[in-house]
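Asker: Got a predicted structure here, sequence first:
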Amino acid sequence: MTKKKICMHGVPMDLGCGHRGVDMGPSAVRITNLGKAIERLGYPFEDLGNIPVEIPQRLAPVNENARFLGPIAVCCGLLRDEVKADLDAGHFPLVIGGDHSIAIGTIAGVVSHFREKGEEIGVIWFDAHGDMNTPESSPSGNVHGMPLASCLGYGAKELTGLAGETMLNPEKVVLIGIRELDMGERKLIRESGIKVFTMHDIDRDGMAKVVAEALEIVTKDTAGFHLSFDLDGCDPEVAPGVGTPVPGGVNYREAHYLMEAVAKSGKMTSMEMTEVDPVIDTGNQTAQFTKELILSALGKRIL
Ligand SMILES: [Mn+2]
């Protein structure tokens, strides 16, 4: 079987985050020679460069409940079009962030592609946080805490409307790695009906069981699933350079197991890796880890 071409897009976005640093994520990942490593797995690879993003110094944060909402929506719209074009051409989009608000653009692109064929997609959202805030519920006003809510139709219409109708069916969405939720997010998660695997569930059942259940949910009656991976879902010991570190995360092997199981499923449509922050990293360790995780998700095996 010929392997799909991997089309990589960097999104140096930090407008959704409270501070700078994750805008350098794409560069930090590129200098690990990710492209060459992907080619060694037998895939054609193309780096399509960066999606243009405004920098915060040039902008006034007009909306304190969802700071930089306008420019974030513009960037997500550009990313949506690129991702859809990749899929329309039969390629596999690989998006490197940037803060996690970019997922709204990536998912809008994936959904737009499959909707034209009358198909639905699932989503695996790996994260320490729920990313289920809305401008009304967010304590910080940072849009990178809102992308999953936006994809489920909650929040600012500039974001929820990026693929026309509501992007995702909550019955096909799973959260994995969760350990820090705001009050409003708890309520919205319960209302929305998405499936959540917290760190407590991973402690109790092990990553293997959690991933097996998750894959069943996101592949049932879908064209496949998108993987939206926030590096902060991993423990700061293995991924110290992330936008919002939280102790008690997934360890090195658990993270790789997740990626290996994703590869084995053969159902991943698209992938994004977000929140790599080289400014607070040690020796580019987190970008290196990101590269290794991508390779596992694309089928690199131990044996
Ligand atoms: Mn996130």
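Answerer: Received, thanks. It should be emphasised that the depicted structure is a prediction, and the values quoted were computed from it without experimental measurement.

Asker: pLDDT wise, what is Arg1 at?
Answerer: To be clear, residue 1 is Met; Arg isn't right here. Met1 carries a pLDDT value of 60.

Asker: One more: Ser137?
Answerer: Note on Ser137: pLDDT of 97.

Asker: so it makes contact with Leu188?
Answerer: Yes: counting by C-beta atoms under 8 Å, Ser137 does reach Leu188; the two are 7.0 Å apart. In short, each C-beta sits where N, CA and C put it, glycine included.

Asker: For Thr198, give me its contacts.
Answerer: Neighbour list for Thr198: 177-179 [criterion: C-beta atoms under 8 Å, 6 or more residues apart in numbering].

Asker: Recalculate using a threshold of 7 Å.
Answerer: 178-179 (C-beta atoms under 7 Å, 6 or more residues apart in numbering).

Asker: Dihedrals phi and psi, it?
Answerer: phi -80, psi 180 (degrees, to the nearest 10).

Asker: Quick one: name the residues of the stretch 1-150 of the chain near the ion.
Answerer: Contact residues (C-beta under 5 Å from the ion) of the stretch 1-150 of the chain with the ion: 100, 127, 131.

Asker: The residue in the stretch 201-303 of the chain that the ion sits nearest to - nearest residue in space that isn't next to it in sequence?
Answerer: Distances between the stretch 201-303 of the chain and the ion by C-beta to the ion are smallest at Asp230, namely 3.5 Å. Nearest in space to Asp230, with sequence neighbours left out and distances taken as C-beta to C-beta, 6 or more residues apart in numbering, is Asp127 at 4.2 Å.

Asker: tally of neighbours for the one you found?
Answerer: By other C-beta atoms under 10 Å, 28 other residues sit near Asp127.

Asker: Identify the residues contacting it.
Answerer: By C-beta under 7 Å, 6+ apart, the contact set of Asp127 is 175, 177-178, 230, 232-233.
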